[in-house]
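Colleague: The sequence and its predicted three-dimensional model are supplied below.
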Number of protein chains: 2
Amino acid sequence: MSLTIVGTIAFDSIKTPFGKADKVIGGAATYTAWAASYLYDQIQLVSIIGDDWPSSEIDKMKARGIDLSGVNVVENGRSFFWEGEYDQNLIDRTTLTTELNVLEDFDPVLPEEYKNSRFLMLGNLTPQIQLKVMEQMKNRPAFVAMDTMNFWIDIARDDLESAIRQVDLLSINDEEARLLSGKYNLVEAAESIMEYGIRYLIIKKGEHGALLFGENKMFFAPALPLSSIIDPTGAGDSFAGGLMGYLASQPTIDFKTMKKGLIYGAVMGSFCVEDFSLQRLQNLDVTVIQNRVDDLIELSSIE
Amino acid sequence: MSLTIVGTIAFDSIKTPFGKADKVIGGAATYTAWAASYLYDQIQLVSIIGDDWPSSEIDKMKARGIDLSGVNVVENGRSFFWEGEYDQNLIDRTTLTTELNVLEDFDPVLPEEYKNSRFLMLGNLTPQIQLKVMEQMKNRPAFVAMDTMNFWIDIARDDLESAIRQVDLLSINDEEARLLSGKYNLVEAAESIMEYGIRYLIIKKGEHGALLFGENKMFFAPALPLSSIIDPTGAGDSFAGGLMGYLASQPTIDFKTMKKGLIYGAVMGSFCVEDFSLQRLQNLDVTVIQNRVDDLIELSSIE
């Protein structure tokens, strides 16, 4: 009965029209785990870092009950580093630096107690690594979700497709959905992607919300219009965290659970973008989150 | 007890990635009136056309009960003509030809029976014309809505602001909201635009839905994801028609009525884009519309 999250833990240097942050903590697994931790309490992380990673950050995660025994700390290794700059629209971004560092040799080995996880979130990594993690599970988890990116669709499509065929949920953005399916129209793209045999597909559209497909139904979760967006880095990963944290807290997964999960995802994404790095996500409580969930439901409620 | 719609009636030549249509009927008032006509039956049109306008189209509108006594037919005049081409994304478009023709001398004179309209929709025209129409009303209508475009924000801001201050609802797209307010963030833009003293503001985001602001509340109506979009021309005007037709059918206007109005607007916009020109809008019935309203409400319903 746990949620295992596999993904990067990184340092980020970020410039947006509203400021910059130098070598701050980031990484998909970091955002996902923090976001999920407000909704579910049995979270296990699989990742790799160097010993340059601040022990204070490790302590903060442990204090939230996040199990880090699956995080490989490489002695004298340097953590993955990404540097990027956002345009005025806060959507388009330019990567200035990518230093894989310890991530280059990431060969995830799951601790025994992770191998019976009920929920598994495969963050954006090489499809080979995603496949390797699934192979190590003793029992097929009740629910497996994965993210990916354009790069893997371009250079590792075969492995990627093998991975997709094994998961319950693929969660990608609109650009990735178009590239993966070869269809520009998102409804057509979704129909094509569902043919991999997945139960659910989420197409994230950033500030324009997210679409859920599955069970021959469609649901749209809006993004909360915010008066201040500081840094979009990690929004998609926080979305995944809110979604998976909510799902893991539920006894069964059906379309209704998924819909609610998208709302929690959108809410955690909305907190993420209100500040640089993990600054907002590390300072939340359940009441603040629940209020925003109510606001977001109210935003599209016709009654 | 009527809805007066002021706007252009035009010929359009349109090219999209899915085909082209040469010199077909178009114009904001045409789309708005057709969309509204399924929801409300006392519609009065104010516009100007040349005698090149097909009498069959006039007959079709009359057959739907649309009053055309406010449409000035100029003998030996040529109707307004617009030619444009859409990009692959069906959002960006290039204007190839604009022939104002009779529109150049448009000086609207309202028939007596129009001057007590309860609802007034001022389509995108010069702010001077929009002001002139409002001046001719005998009683201030219960509800006045207006549209505008970047061009008037750029070259006729003073008159435009005078017009905006007199209406209940301004309905514009995201780009126009940003230009009018000087704010990129749409929540900030909305706060700034509300200071004109309008009751409601709608910011249309095309395929990404529409935001409603007013009464210190916010509502988001998604656009229905469609598997086939043929031509986006007229979508915003059809949205206005669905909205105003619905509002005109209601005894009072409050935030709840407005929310429902946005749904009807989004639905009429979704029909519009499924074919070139008025082809889809001219072939609807109340059941088909109501089913799609239900679908759209269901799309964002969390229950």
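Modeller: Now that the structure is in, tell me what you want to look at.
Colleague: and A:Ser162, what does it touch?
Modeller: A:Pro127, A:Leu131 (C-beta atoms under 8 Å, 6 or more residues apart in numbering or on different chains). To be clear about C-beta, it is placed using only N, CA and C from the backbone, and glycine gets the same treatment.
Colleague: quick one: which helix or strand includes A:Leu131?
Modeller: helix A:127-136 (DSSP states H and E).
Colleague: Export that helix to PDB, keeping only CA atoms.
Modeller: The C-alpha trace of helix A:127-136 is given here as PDB (Å, rounded to 0.1, in the frame of the first residue of the first chain):
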ATOM      1  CA  PRO A 127      11.900   4.600 -21.500                       C
ATOM      2  CA  GLN A 128      14.600   1.900 -20.800                       C
ATOM      3  CA  ILE A 129      14.700   3.000 -17.200                       C
ATOM      4  CA  GLN A 130      11.000   3.100 -17.000                       C
ATOM      5  CA  LEU A 131      10.800  -0.400 -18.300                       C
ATOM      6  CA  LYS A 132      13.500  -1.600 -15.900                       C
ATOM      7  CA  VAL A 133      11.600  -0.300 -12.900                       C
ATOM      8  CA  MET A 134       8.400  -2.000 -14.000                       C
ATOM      9  CA  GLU A 135      10.300  -5.300 -14.400                       C
ATOM     10  CA  GLN A 136      11.500  -5.200 -10.800                       C
END
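Colleague: Work out the gap between that helix and the centre of the chain.
Modeller: 17 Å (C-alpha atoms, centre = their mean, to the nearest Å).
Colleague: I'd like the next helix or strand past it.
Modeller: Following helix A:127-136 in sequence, per DSSP H and E, is strand A:143-146.
Colleague: could you point out which element follows that next one?
Modeller: Scanning onward from strand A:143-146 (DSSP H and E), the first element met is helix A:150-155.
Colleague: Neighbours of A:Phe151, how many?
Modeller: 11 (other C-beta atoms under 10 Å in any protein chain shown).
Colleague: Please read the previous query as pertaining to A:Met218.
Modeller: By other C-beta under 10 Å, the burial measure for A:Met218, its neighbour count, is 17.
Colleague: now A:Ile5
Modeller: So A:Ile5, with other C-beta under 10 Å, has 30 neighbours.
Colleague: quick one: it is in a strand?
Modeller: Yes - checked against DSSP: H, G, I helix; E, B strand; the rest coil, A:Ile5 lies within a strand.
Colleague: tell me the helices in chain A, going along the chain?
Modeller: A:28-36, A:55-63, A:127-136, A:150-155, A:157-166, A:174-181, A:186-194, A:235-248, A:255-272, A:286-299 (DSSP state H).
Colleague: Name the nearest residue to the residue nearest to the spatial centre of chain A, ignoring sequence neighbours.
Modeller: Most central in chain A under C-alpha atoms, centre = their mean is A:Asp237, positioned 2.8 Å from the mean C-alpha point. Excluding the flanking residues, the one nearest A:Asp237 by C-beta to C-beta, 6 or more residues apart in numbering or on different chains is A:Tyr31, at 3.7 Å.
Colleague: give me every residue that touches that neighbour.
Modeller: A:Gly234, A:Asp237, A:Ser238, A:Gly241, A:Cys272, A:Leu278, A:Leu281.
Colleague: Chain B contacts on chain A?
Modeller: A:88-89, A:184-188, A:191, A:205, A:208-209, A:211, A:218-222, A:225-229, A:256, A:259-260, A:263, A:297, A:299-303 (C-beta under 8 Å from any C-beta of the partner chain).
Colleague: Selecting buried members of these in ChimeraX, what would you type?
Modeller: The ChimeraX command for the buried members of the residues of chain A next to chain B (criterion: 16 or more other C-beta atoms under 10 Å in any protein chain shown) is given here:
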select /A:185,186,187,188,205,208,209,211,218,219,220,221,222,225,226,229,259,260,263,297,299,300,301
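Colleague: show me where pLDDT drops low in the stretch 51-200 of chain A?
Modeller: Within the stretch 51-200 of chain A, not a single segment meets pLDDT under 70.
Colleague: With adjacent residues omitted, what lies nearest to the residue in it that chain B sits nearest to?
Modeller: Closest approach of the stretch 51-200 of chain A to chain B (C-beta to the nearest C-beta) occurs at A:Val187, with a separation of 4.1 Å. Among residues not flanking A:Val187 along the chain, B:Ser227 sits closest, at 4.1 Å (C-beta to C-beta, 6+ apart).
Colleague: same question, A:Ile43
Modeller: A:Ile66 (4.8 Å).
Colleague: surely the one you found meets A:Ser37?
Modeller: Yes - between A:Ile66 and A:Ser37 there is a contact under C-beta atoms under 8 Å: 5.9 Å.
Colleague: Stretch A:209-221: end-to-end distance?
Modeller: 6 Å (C-alpha to C-alpha, to the nearest Å).
Colleague: pLDDT on that stretch, on average?
Modeller: The pLDDT scores in stretch A:209-221 average 97.
Colleague: From the chain's centroid, how far away is it?
Modeller: Using C-alpha atoms, centre = their mean, the offset of stretch A:209-221 from its chain centre is 18 Å.
Colleague: Kindly report the same for stretch A:186-198.
Modeller: 20 Å.
Colleague: Stretch A:15-24 too?
Modeller: With C-alpha atoms, centre = their mean, you get 21 Å for stretch A:15-24.
Colleague: For that stretch, the averaged confidence score.
Modeller: 94.
Colleague: likewise stretch A:233-248?
Modeller: Mean predicted lDDT for stretch A:233-248 stands at 97.
Colleague: Check stretch A:290-302 too.
Modeller: 97.
Colleague: Contacts for that stretch, please.
Modeller: A:220-222, A:224-225, A:263-264, A:266-267, A:270-271, B:218-222, B:259-260, B:263, B:297, B:300-302.
Colleague: For stretch A:287-295, buried residues please.
Modeller: Those buried within stretch A:287-295 under the rule 16+ other C-beta under 10 Å are A:Ile289, A:Arg292, A:Val293.
Colleague: go on, stretch A:79-97?
Modeller: A:Ser79, A:Phe80, A:Phe81, A:Trp82, A:Glu83, A:Gly84, A:Tyr86, A:Leu90, A:Arg93.
Colleague: Show the end-to-end separation of it, please.
Modeller: 13 Å.
Colleague: what's the offset of it from the middle of its chain?
Modeller: On C-alpha atoms, centre = their mean, the centre of stretch A:79-97 falls 17 Å from the chain's centre.
Colleague: who's in contact with the residue of the stretch 51-200 of chain A closest to chain B?
Modeller: A:Met218, B:Pro225, B:Leu226, B:Ser227.
Colleague: Next one: the closest residue to A:Arg64 other than its chain neighbours from chain B, what distance?
Modeller: Of all residues not flanking A:Arg64 in the chain, A:Ser37 sits nearest, at 4.6 Å (C-beta to C-beta, 6+ apart). Noted for A:Ser37: a distance of 23 Å to chain B, by C-beta to the nearest C-beta, to the nearest Å.
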